[in-house]
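1. Here's a sequence, model it:
(chains A and B)
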There are 2 protein chains.
Amino acid sequence: PDRGLLTRAQERLDRLTKPQGSLGRLEELAAQYSMITGELKPAAPRGAVFTFAADHGVAMEGVSAYPREVTRQMVLNFLRGGAGVNVLARHAGAEVRVVDIGVAYDFEVAPGLIHKKIMPGTNNFLLGPAMSREQAERAVLVGAELATEAVEGGIGLIGTGDMGIGNTTASSAITAVMTGRPVADVTGRGTGIDEAAHARKVAVIEQALARHRPNRMDAMDVLSKVGGLEIAGLAGLMLGAAAARVPVVLDGFIAGAAALIAVALQPRCREYLIASHRSVERGHQALLDHLHLTPLLDLDLRLGEGTGACLGMSLVVAAVKIMTEMATFGEAGVSERDM
Amino acid sequence: PDRGLLTRAQERLDRLTKPQGSLGRLEELAAQYSMITGELKPAAPRGAVFTFAADHGVAMEGVSAYPREVTRQMVLNFLRGGAGVNVLARHAGAEVRVVDIGVAYDFEVAPGLIHKKIMPGTNNFLLGPAMSREQAERAVLVGAELATEAVEGGIGLIGTGDMGIGNTTASSAITAVMTGRPVADVTGRGTGIDEAAHARKVAVIEQALARHRPNRMDAMDVLSKVGGLEIAGLAGLMLGAAAARVPVVLDGFIAGAAALIAVALQPRCREYLIASHRSVERGHQALLDHLHLTPLLDLDLRLGEGTGACLGMSLVVAAVKIMTEMATFGEAGVSERDM
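-> This is a model prediction of the structure:
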């Protein structure tokens, strides 16, 4: 992105009828949006949240509070509009695009579902790699292509969403490898597991990392050995959006793990990312620190699906409107500061 | 409010297709909304932000970075829809109601302005009381009546806004008295004054408090001696909204000072208040602590006008929609947790 636009956008913001900088992070967001898109008076963008769904072989190890079939059940809930992400996307004026990139179920009749299944769930990474390198690459490509198509179709703001029973386990594994932090420091309660299940979750990840020795200098190696298909799709979505100069609003912990992969694959991608919220999930702060991202919201969310991203997207649109709809001092005939 | 409704609202929230509590503060907000309104399946409320404008005699002491005429200029900007609060209210789907409760200017032709002027600006409280007790009471009544009328007209969510060059000085004075904190601890930079002006601002407040000795056990005494007309109007707005069982979303520091007065006048009013954001203004945290309110947002805002309230109102509406639009586990055929 063109950093000169940051300055020019801030100059415009400083002419608006408000004390300079008084809209704080909304002003930063507006300037970032200008830098990313290259526009100083952008139209309020149309937003879409991509909710990638996939199953995880590691869910067999008792690392989640919910049974595996919840992944497919929730996909159907998304398609009917009854899930949290549907409600918050409608509220934010964004659409939800639901992608089956690896659910362990054959959706025969599911209007609205984007069929991009790479495989019916990953393999249990306690026993072997979650997927092959080639499968991980194909899943990344799916995400990148969906971003490209969306932008061609007029989408100017992309949110990330995810559904996959077991996916905090994969995300903690990725976070531990990519940030170099101990597994126990970046592994949380997910959907709400008890103490014993949490200890099991940590042990499963530690054993998997000891067995597969993923190479943190090779993000595709990490992704394929201990990642997930929805995480791969999200990483690709970020790369595709960045290439098309469209900002990506990250949801919570799963999106953050995908961002670790995307930024490792293409470091410049980071400037296109906006962290919507700080999740309750242990490990999220560590990856945000690693990515040098400061979340907009801190509302104790831990649902996923793209719910936090929707709230963040609404703030991005608000920031764009501030830049483009507010009157300047000159237009409004308001006196500027006198000291 | 009926605290039993908090439990019943949470029971409903727990049946929705998400891990219990996973929408964090949105769930708390939804339950609080139910408790306040007495409804378990409330419709998404229509919102209105009341932006009270007034001048401050103490502005003559050089405590603001902007000249006094900015108050009236900004009122005209609000009426034309070009200010920050207009942009963010439109974004949030709320309307802005602009009230002249004490601007030092005679608005002859100003369509849309609610004329409720008590006096053309307060007196300089360095020299004498800001207003008489009777004037303060009348200003509180204006706010209460506007809330009552709004609720009768179908408004279900009220936001607070303010405009008044010099009003952080009055708000710091009120905060110092009501919280018992030293003036310097609760006096900030307002619209952006320099070190010398800040020292002057602290000294002016300290001298005024030493001269008038406002009685913290008598909120009307504090309000009349070192308050402001828009602060009085906002306090009344809160009391009127609470009486009508409608939640009030507070903007920043000025709203917080008004809340200190409103809660002192009627302690039960506190349960109807929602703090939208943590302002940059020094003193805001102290008054939030005193009121036991935790803000929803922390976006480094310090504009006022009701801008932060608009963002908070959008979150309240989102929370209400979560409670009423999401599918339950039963409706969606989603399995509940198995451990």
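
2. mind giving me the domain split of chain A?
-> A:4-42+A:323-332, A:46-316 (automatic domain parsing).

3. Quick one: end-to-end length of the first one, please.
-> It refers to domain A:4-42+A:323-332. 27 Å (Cα to Cα, to the nearest Å).

4. hang on, the earlier thing: looking at the domains of chain A, spot the one closest to residue B:303.
-> Between residue B:303 and the domains of chain A, the shortest gap by Cβ to Cβ is with domain A:4-42+A:323-332, which sits at 4.0 Å. C-betas here are computed from N, CA, C, even on glycine.

5. Now stretch A:293-306: buried residues?
-> A:293, A:295-306 (16 or more other Cβ atoms under 10 Å in any protein chain shown).

6. Going by distance to residue A:244, which of the residues you listed wins?
-> Among those, and counting by Cβ to Cβ, the member closest to residue A:244 is residue A:306, at 19.2 Å.

7. confidence score at that closest one?
-> Looking at residue A:306, its pLDDT reads 98.

8. Pretty sure it sits against residue A:95.
-> No: the pair residue A:306 / residue A:95 is not scored as a contact, 11.0 Å apart, by Cβ atoms under 8 Å.

9. Give me the common contacts of these two.
-> Shared contacts of residue A:306 and residue A:95 (Cβ atoms under 8 Å, 6 or more residues apart in numbering or on different chains): A:49, A:89.

10. can you give me the helices in the stretch 1-150 of chain A?
-> A:4-14, A:24-37, A:70-80, A:84-92, A:133-152 (DSSP state H, counting those that start in this stretch).

11. same deal with the stretch 151-300 of chain A?
-> A:167-179, A:195-212, A:219-226, A:229-243, A:253-265, A:284-291.

12. And the second one, what's buried?
-> Okay, so that is helix A:195-212. Buried, per 16+ other Cβ under 10 Å, within helix A:195-212: A:197-198, A:200-206, A:208-209, A:212.

13. cool, the third one as well?
-> For helix A:219-226, a neighbour-count test (16+ other Cβ under 10 Å) marks A:219-226 as buried.

14. Around chain B, which positions in the stretch 1-150 of chain A sit nearby?
-> Selection of the stretch 1-150 of chain A residues close to chain B by Cβ under 8 Å from any Cβ of the partner chain yields A:16-26, A:62, A:65-67, A:69-70, A:73-74, A:76-77, A:80, A:82-84, A:86-88, A:90-91.

15. The stretch 201-339 of chain A now?
-> A:280, A:296-303, A:307, A:311, A:314-315, A:317-318, A:321-322, A:325-327, A:331-339.

16. and if we set it to 6 Å?
-> For the stretch 201-339 of chain A, the residues found near chain B under the criterion Cβ under 6 Å from any Cβ of the partner chain are A:299-303, A:318, A:321-322, A:325-327, A:332, A:334-335, A:337-339.

17. filter these to the buried ones?
-> Buried among these (16+ other Cβ under 10 Å): A:299-303, A:318, A:321-322, A:325-327, A:332, A:334.

18. So which of those are in helices?
-> If you go by DSSP state H, those have A:318, A:321-322, A:325, A:332 in helices.

19. Touching stretch A:83-92 from outside, list them.
-> Stretch A:83-92 is contacted by residues A:49, A:51, A:77, A:96, A:161, A:303, A:305-307, A:310, A:313-314, B:17-18, B:318, B:321-322, B:325-326 when judged by Cβ atoms under 6 Å, 6 or more residues apart in numbering or on different chains.

20. For that stretch, the averaged confidence score.
-> Mean pLDDT, stretch A:83-92: 98.

21. again, but for stretch A:102-120
-> The model assigns stretch A:102-120 a mean pLDDT of 94.

22. what about it, start to end distance?
-> Note: stretch A:102-120 ends 5 Å apart using Cα to Cα.
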